[in-house]
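Participant: What follows is a predicted structure for the sequence shown.
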Amino acid sequence: MKRLVILSGAGMSAESGIRTFRDMNGLWEEYDVMEVASIEAWHKNPELLLRFYNDRRVQMLASQPNMGHLLLAELEKSFEVHIITQNVDDLHERAGSTKVLHLHGELTKARSSVDPTLITILENPVMKPGEQCAKGSPLRPHIVWFGEEVPQMDNAIAIVESADILCVIGTSLNVYPAAGLLNYAPKNISIYLIDPNPPEKLPKQIQVIAEKAGSGVEKLIQRIRDVTK
Ligand code: APR
């Protein structure tokens, strides 16, 4: 089976009602990213940071995978699909995708602030200040904040380097190192980008599908269908 690699961002979940970051009415219009999504914020004002992620976790649980998520899961019948997502929601998994790598963490999990391997699935979507991990240190959201390393980056690079087809969906390609993954794509493969407002100045190898995720993945399927033969 050909290996189809997807790099998804917040736009992938927009049709599920989950806000993006840099669009009109995006999260970073309402919040100061350094106040709610940085390691400094965790040390300075953990209550505000926990409230920010509690709100996003509750919103995620009230959302459903959209057609784009479902079609990508369906594609596992014809391709070996690897999803590398910047999203912290679990909509790809709930849609049925089986190989999902979260570059920026997962809202459904929390971890010890002294031992990053001590990760727990959150039973209660609302994390309270003062909760502790098994080692007695503060429990923190399992999210990669600004100012922190992206531990899954090497794994993501290896997946992109092995792609037969690459499709970028719903990301403004603003944040590195995630946005730099494009540079690791093999030179001779087809690269698609699905976004109703695609980023400017894209490499010419990229074929833009200027659609929302749902209809855009439908168009992608038409274009790659004959690759499976
Ligand atoms: N379908 C597809 N794409 C969409 C849709 C949609 N329905 N709606 C919006 N988009 C596109 C926008 O045009 C934009 O290019 O999704 C992209 C969203 O960009 P951002 O809001 O910057 O989100 P993202 O690229 O995922 O941000 C990357 O920044 O703040 C950090 O950690 C955070 O993972 C996040 C990272």
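Facilitator: Ah, there it is. A quick note: this is a predicted structure, and the numbers were derived from the prediction, not measured. Numbering: from 1, shown residues only.

Participant: Show me which residues of stretch 15-26 are buried.
Facilitator: For stretch 15-26, burial by neighbour count (16 or more other CB atoms under 10 Å) applies to 15, 16, 18, 19, 20, 21, 23. C-beta coordinates here come from the backbone N, C-alpha and C atoms, glycine included.

Participant: Enumerate every residue touching the last one.
Facilitator: The neighbours of residue 23, taking CB atoms under 8 Å, 6 or more residues apart in numbering as the test, are 11, 14, 197.

Participant: just to confirm, which helix or strand has it in it?
Facilitator: Counting by DSSP states H and E, there is no helix or strand that carries residue 23.

Participant: Need the pLDDT of it.
Facilitator: Predicted confidence (pLDDT) for residue 23: 94.

Participant: And for the first one?
Facilitator: Reading off the per-residue confidence, residue 15 sits at a pLDDT of 98.

Participant: Contacts only, for the closest residue in space to it that isn't next to it in sequence.
Facilitator: Take residue 15 and drop its neighbours on the chain: the residue closest to it by CB to CB, 6 or more residues apart in numbering is residue 66, 4.0 Å away. For residue 66, the contact set (CB under 8 Å, 6+ apart) comprises 13, 15, 16, 91, 213, 214.

Participant: Could you give the backbone dihedrals for residue 66?
Facilitator: When read as degrees, to the nearest 10, the backbone of residue 66 gives phi -100, psi -180.

Participant: Run the contact check for whichever helix or strand residue 84 is part of versus the ligand.
Facilitator: Assigned by DSSP H and E, residue 84 belongs to strand 80-85. No. Counting by CB under 6 Å from any ligand atom, the ligand is not contacted by strand 80-85; separation bottoms out at 8.4 Å.

Participant: And the next helix or strand past that strand?
Facilitator: Assigned by DSSP H and E, the successor of strand 80-85 is helix 91-95.

Participant: my guess is residue 3 contacts residue 80, does it?
Facilitator: Yes. Counting by CB atoms under 8 Å, residue 80 is a contact partner of residue 3 at 4.7 Å.

Participant: just to revisit the earlier point, which one of the contacts of residue 66 sits closest to residue 166?
Facilitator: residue 213 (15.7 Å; CB to CB).

Participant: tally of neighbours for that closest one?
Facilitator: 28 (other CB atoms under 10 Å).

Participant: cool, residue 166 as well?
Facilitator: By other CB under 10 Å, neighbour count at residue 166 equals 26.

Participant: isn't there a strand covering it?
Facilitator: Yes. Membership of residue 166 in a strand is supported by DSSP: H, G, I helix; E, B strand; the rest coil.

Participant: Can you give me the distance of it to the ligand?
Facilitator: 16 Å (CB to the nearest ligand atom, to the nearest Å).
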